[in-house]
Structure formats: structure tokens, C-alpha cells
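**Q** here is the input, now give the coordinates:
(chains A and B)
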There are 2 protein chains.
Amino acid sequence: MAKRKVKIGLLGFGTVGSGIYKIITSMHDEIAQREDVDLSVGKVLVKALDEPNTSIAEDKSIFTTNFEDVLADEEITVIAECMGGEEPARTFILAALNVGRSVVTSNKEVFAKHWTKMEEAAHQNNAGLYFEATVAGGIPVIRTLTHSMQGNNIESIMGIINGTTNYILSAMSEEGREFDDVLKEAQAKGFAEFDPTADIEGFDAMYKISILASLAFHTRVPIERVYREGITKVTKQDISYAREFGCVIKLLAIAKMKDNRIEVRVHPTMVPIEHPLASVRGSFNAVFIHGQHVDDVMLYGRGAGSLPTASAMVSDILIACTAQEHRYPMLDANGDGITFEEDWESEFYVHMKVADKPGVLARIAGVFGKHQVSLASVIQKEQDSNDTAHLVFITHKSREKGFGAALREIESLPEVSGIIGCLRVEN
Amino acid sequence: MAKRKVKIGLLGFGTVGSGIYKIITSMHDEIAQREDVDLSVGKVLVKALDEPNTSIAEDKSIFTTNFEDVLADEEITVIAECMGGEEPARTFILAALNVGRSVVTSNKEVFAKHWTKMEEAAHQNNAGLYFEATVAGGIPVIRTLTHSMQGNNIESIMGIINGTTNYILSAMSEEGREFDDVLKEAQAKGFAEFDPTADIEGFDAMYKISILASLAFHTRVPIERVYREGITKVTKQDISYAREFGCVIKLLAIAKMKDNRIEVRVHPTMVPIEHPLASVRGSFNAVFIHGQHVDDVMLYGRGAGSLPTASAMVSDILIACTAQEHRYPMLDANGDGITFEEDWESEFYVHMKVADKPGVLARIAGVFGKHQVSLASVIQKEQDSNDTAHLVFITHKSREKGFGAALREIESLPEVSGIIGCLRVEN
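**A** Numbering: from 1, shown residues only, chains lettered A, B, ... in the order given. Coordinates of the predicted model:
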């Protein structure tokens, strides 16, 4: 039987792009046998013809520094974009779709920001648009939502979807170290970027949960709707208190939908040690999904890295080139009647330093009560000196706004010298 | 846009069949909106027209006790089989495929035994054959292997894919109880069958790993090639010794491929508590897959139950009725040069009762050494009386046959009064 001959164009030949090249060339025969596709790399857009990774390819004529060369190659039917960043990736993806090429991308930033426009261009030109690798690398979370959960309304997603922050929090927890110290080591080892802002401030997780929530809830969840808080303020003291409450601290990306109201947020979160997400350590990722009928499902694996991410993109490439009908999930979505919840409910952990005097606890508890925040437990900790004490509270489920108002009022009390740590808690 | 109208036939209206009916009717409008399919249940084969679940359907005219009525309905394009058992399920599935109906099944026994024949019938009649629900209920492990790991040679699969045995082992471990005691309680609560053989003796897991291994290794792995050992001999004593070695005991289904040699086995296994599979408790299932490029992936969720299993079948139904080209994985497989390994390697745990005399340990260690089994650790336990002692060994990686020969020789030593427990260990 004649194999379907497919040439792909690669945009970018860094970690992920070179990984795709390696998989496609080393598994050529297996893929031909199993998938009935004779797959090869036709053209690769690089920044410079002599950039280091180009050495892995025998045929140097595939490399070009001009995007138009990739677009002009009529044999190329699928273009895999793995350059990262907003521009020129966005321009190139739209240009490829506009001439009817299918696009496979790992670019969460471009996708989270420009999904609708890209999907429209794909639809108008009957081109495919595949993005499994935008979220959680080699973990098949996109395909699980689109192809294995159609018989469900998705009620919640909680994900550890940024490897750098999970590596840092795991090291802080397991080695009792402070954030700055672990971050510096992670940068030295290459586990964190020279400019780590996108990871540690939660932007990367924000892009990803925007994509997951849009798919799960069948409506566009733009990044502006995602509450975002990074991990820079988490201390080893917080981690140690969390442990006393039977919890670990993780940067969770959370999306929930109830009664047509959606809440989406990224923040450091206390999670009970029995929760399956609590044991996801180091740079591993995991996504915990609750579907109305399927109940709990968790997917765990490598959220980044050359070959895991390339593995996801090769699957997308094979689906893109064998699909006879491409799907456009956002065009089929129907967000009518859906609103975004900003005053969501969660439990809170808060650690404060107070004057060690009679009546202080009662006064603070009174402020919480006034704002409808009820307390689940209180620990009073060793004093710093004769006249200060540390109070650690866990609340019952409370509204975000009421808790915030209570905290501002407590902070202004003369007996309170400072709010030292504050985290949300999910079960 | 006109929706694609699809009627399905259901074979069986027990736990799973009625779950499919509930999802399709309660989510009719969402499925139409999101998947562009106007899905309904046309006919349902039941054993008796008044069986209890029929009360959930308003239109009783869909029920029939005659399979030919389902087959004769020209509007039905997809038939979902969820009767369980080998016959008449096998006959009905083949009959449906032979008249060009696509079949979706949750029947692991039929599928593991008759896959090739069913796939041939499907192919000849251009019909689809979908089986996500045969393994691990609502967990999308089949689709992950076929649609998210094409860029990998799969190196190993380790799964907790039988909920009943995991429930029993979890309760034994967490409550310090013996097997018989927990089994009786599980039967009373409906978590174990009146005849629990298929679960506790590992037949159910054997069917499932045969299916997973066939897909993962692109060659037919018949059930006859699966080594099978149940959990009936596991004692609370074994669980307590396992804990001393930092392990829990799980019924694992294991499939590995190396150098074109495949090993497939189901047996109670000691697993280190840090392993992601160790924290899978109660009736939950999980499958841990190692792919050459994607590295470790674990999928976790409900392995059984009405709605989780039905959720998987509804996904299959939607894929079956929208696919323009059906895939036949076994017909595309190429098992040339593949052999089955029977003398595989693993570590072993063994607990024996011996005479408490000088030289006994040395003699036993000598027998192990003679058979190329090297010991990783030994614990000597409290004596039952003045003249007996308990020895617990963990070996390094050893061959199955050498270990077996050593054990038989040790058992025949006059100083050894019995081998009390023996388990394989996986890391």
C-alpha cells in the first residue's frame, strides 16, 4: 500500500524543534509502518544557518533564515511552530493558515492571546490547528478534553502546569530552603530562565489555564479573566506551617464552572498531602480534572523538555496530516449566558504577627466574623520576644472579597504588626 | 447547520448500558451543540422487557429481547455492546460488524480473546471498532496510546487496572486486616462480585494488559502469553514487612519490551511508596507508561462504575460516528522478529520460617548464590518459639527461573519449615 507522503516545515530549531526533527528521522520507518505516513522534514526556519542544533541534520539544505522559503515550498502541508514568544510567531502562524497549511504549535502565549483569530483563519482556509503541546508538554490533556470527555460537563480543573515553580517549591519543601536560594540554584542548573518572571509570577500557568478552561467550558476564557499570583512571596515558614496542617504548597492553576459562572485563577495553594496532586514532585506536571460523569481523572508526566514536548507535537502532526475534517472548538463553542466569577470561595491560610496581649485573638476573630469569614483552626506560635506572638489561621470556605476586607481591617489594628503569609487552600 | 443524526443500538442495559442512556439523553443538547451530532438511542437489547433499569426510559418501545430487532433497524449505525461475558457478546459483535455497523465495546474478555477476528470483520465491512472502555473505565489510556504516543516506542506499562483488588489491598494495608475478612466485606458492600474469581485471581487484569500490550507493542499479545497470579495469598504480614522495606503491595499488570522481547505479567507486587502508583488507593485505577521520548506518563481515575465507563463509551460512539476513516491497529501491526520473554528479571521479596540454628542463613544464602540470585537485604524476625526464626529477604534483580529453582531447593532443606510469602518487587 502506498504511504501517504507528508513533508513538514519547522519554525524554530531550539529545544523543541530539534526534538521533533530527531523523532521524525529516527522513527521514520516505525511511523510509516504504524501510521501509514511517510513523514519527513522539508524546511526548517532558523535564526542563523550555523546555529548549534543544525549540526544534527545531514542535509543542510533544509535550513533557511527566510520564512517565505518555508511557505513557498508547495510540498509542505503541515507547519510546526516552536519558536515561542508572541512575534513573529503570530504573524507566521496566520500566514501559514492563510495559505491553507495546517499548523501545529507549542506556543502557549500566542495561542492564549490569539486563539480566536487563528481559528478563524484556519476555518476559512480549511486548515488544521493543533495545540496539544501548548499545555503540559507530553501529557495528553488537550486530547483528553476534546476526545475522551465529550460526554461530560467539566466541573473543575486543577493543574500543576509549570515545571519551574514546582521544582522550586519541591526543593524548598524537601530541603527546607528559601525561595531566592533555590531559584538561584535552579537558574545555575538551567531549570529556570535567566529572566524567570514568566514562570515564577505565574504568566506561563495563566496562558495554559486560559487554554484549558476555554476548551473545558466551551467558551473563550481570555487571559484577562485569569487571576494571577506568583510564588515569590512563599517562605519556608509557610511551607513548615502548611505541613503542620497536613498540606503542601503548590502553584495551582484552577478553573471551575458552576451554574454558568466560571472562575479561573493561578496562585500558590495549600493542598492536603493525600491529594493526588500533592505527590507531584520536581519538574513533573499533572492536571486533575473533574467531569460530571467520568468523576476524577488525573494526567501526570513531563510538562516540558525537548523530547516530551516534541512527542506531543509529532502526534499533532500525524493527526493534522491524516484528518479529513479539522475541528474548530472555539467556533463551535457557545458561551451564551456564561459569566465570570471574581468573588470566588476558598479556604484561606493566614499567618500574622501580633502583640502578645489579652484580647487580641478575640478582636481579630471578631473582625473575621464581621466579614462572614469563619475560622476552622488557629495555632498560636512561639513568641519572638516577650511581647509578640505569631498567629496562624485556617478559615472555612469564604468569599474572596469578604476575606480581603477582613484582612485589610486586621492589618490596621494597632495590636497587629504584620500579615506575614497568606495562601488559599484547596481540597 | 444541519446536525448529523445518529441513532445507536445498545446491547445490555445493566450498570454501563443504562449509564450510556443517561448521558446521551441528559446531554443531548450539549452534544449536538459541541459535537454537531444529534445523538439518540434507537434500540436496546435487554434480557427481559421489565428488567429494573428499563424504568429510566420514557419510551419503552426502544426495548427488545431480540438482537435481530437491533440489527434490522437501518437507522442504527453504531452498536454499543456492554453485556459482558464471552457469549453471546462475541456473536452479536461479529454479526453487527458483518452488516457494516460500527461497534463500541467495554467487553475486555471478548476483546482480549477475539480482537483479530473482530478487527478483520470490521475492516472487511468498513466498520469502526472502538474499545476505550475495555481498559480502566473512564481513564483514556487506549486513546493516549493510539493518538498521543505515536512518536514513541513504548518501553513499559505498569497498571493498577482492577479496582476490586486495589480496594481489597488498600483496606488490608490501611486497616491491618486479612484478605478473607476484607473480601467478605467488599462482597457485602457490592465492591466485589458474588463469585470474585475473575478479579482476585487476576483474569480481569490479564484481559486488560493483553489489550494494552498489543496496542503498545504493535503486535498481538494473546492472553496465553500473560503470566497471571492473583492476590489470594497476600497476607497482612506481607503488607507489614513490605512497609518495613518502604513499599506497598499492589496487583500490578506489567508489560515491558526490550530488544524485541516482550514480557507481560499480572501479579501482586511490592512498589516503593514514592512511586506514583503507590498512592493509588481504593477502587481507583492508574496506568503508568514509559515512552521512549515522552518519558513517564501516568493516567489516573475511575476504572469502573456506571457513568465513568459510559463516559468512555460515549466518546467512542462520537468518534465512531464522525470518523471518515476507521483505524485497525492490529492489521497495521508488524510483529516480525518479536519474541516473548518468559524468564524475565525482577527483584523478589521472600519470607520463610527456618530453624533457629547456627549456619542456616549461610546455607540459604549459598543456595541463592548458586542460582545467580544475589541478596539486597535480609531481616531476621522475632522467633515463634525457641527453635524457629523468620527470615525476610529482598533480592537484587534476578531471573525468574533461577529464583524459582533456588526457592525449590531452599524449600527442601531440612532447616526450612516453609516459604510463607513471596512477591516480586518493581521500582
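
**Q** from here on, just use CA atoms for contacts and neighbour counts.
**A** OK.

**Q** can you tell me which residues in the stretch 151-300 of chain A are near chain B?
**A** Within the stretch 151-300 of chain A, the positions adjacent to chain B are A:151-152, A:218, A:276, A:279, A:293-300 by Cα under 8 Å from any Cα of the partner chain.

**Q** for these, which one is nearest residue B:179?
**A** Using Cα to Cα, residue A:276 comes nearest to residue B:179 of these, at 25.9 Å.

**Q** so what's that closest one up against?
**A** Taking Cα atoms under 8 Å, 6 or more residues apart in numbering or on different chains as the contact definition, residue A:276 lies against A:298, B:279.

**Q** next one: residue A:190, what pLDDT does it get?
**A** pLDDT, residue A:190: 87.

**Q** can I get stretch A:179-195 in CSV, CA atoms only?
**A** Extracted in CSV, the C-alpha atoms of stretch A:179-195 (Å, rounded to 0.1, in the frame of the first residue of the first chain):
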residue,chain,number,x,y,z
PHE,A,179,12.9,30.8,47.6
ASP,A,180,15.8,33.0,46.5
ASP,A,181,18.3,30.4,47.3
VAL,A,182,16.5,27.6,45.3
LEU,A,183,15.8,30.0,42.4
LYS,A,184,19.5,30.8,42.0
GLU,A,185,20.4,27.2,42.0
ALA,A,186,17.7,26.4,39.5
GLN,A,187,19.0,29.1,37.2
ALA,A,188,22.5,27.8,37.5
LYS,A,189,21.3,24.3,36.6
GLY,A,190,19.2,25.5,33.7
PHE,A,191,15.9,24.6,35.3
ALA,A,192,14.9,28.2,35.5
GLU,A,193,15.4,31.0,32.9
PHE,A,194,17.8,33.9,33.3
ASP,A,195,14.7,36.1,33.5
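
**Q** contact partners of it?
**A** A:164, A:168-169, A:171-172, A:232, A:234-236.

**Q** for residue A:297, phi and psi?
**A** Here is the backbone geometry of residue A:297 (degrees, to the nearest 10): phi -130, psi 130.

**Q** doesn't residue A:288 make contact with it?
**A** Yes - using Cα atoms under 8 Å, residue A:297 makes contact with residue A:288 at a distance of 5.8 Å.

**Q** in the helix or strand hosting residue A:180, what counts as buried?
**A** In this assignment (DSSP states H and E), residue A:180 forms part of helix A:179-189. Buried positions in helix A:179-189, judged by neighbour count with 16 or more other Cα atoms under 10 Å in any protein chain shown: A:179, A:182-183, A:186.

**Q** stretch A:38-46 close to chain B?
**A** No - Stretch A:38-46 is not in contact with chain B by Cα under 8 Å from any Cα; minimum separation 11.4 Å.

**Q** actually stretch A:133-149, not the one I wrote
**A** Yes - using Cα under 8 Å from any Cα, stretch A:133-149 reaches chain B at A:138-140, A:143-144, A:147-149.

**Q** try stretch A:316-331
**A** Yes - on the criterion Cα under 8 Å from any Cα, stretch A:316-331 is in touch with chain B at A:316, A:319, A:324, A:329.
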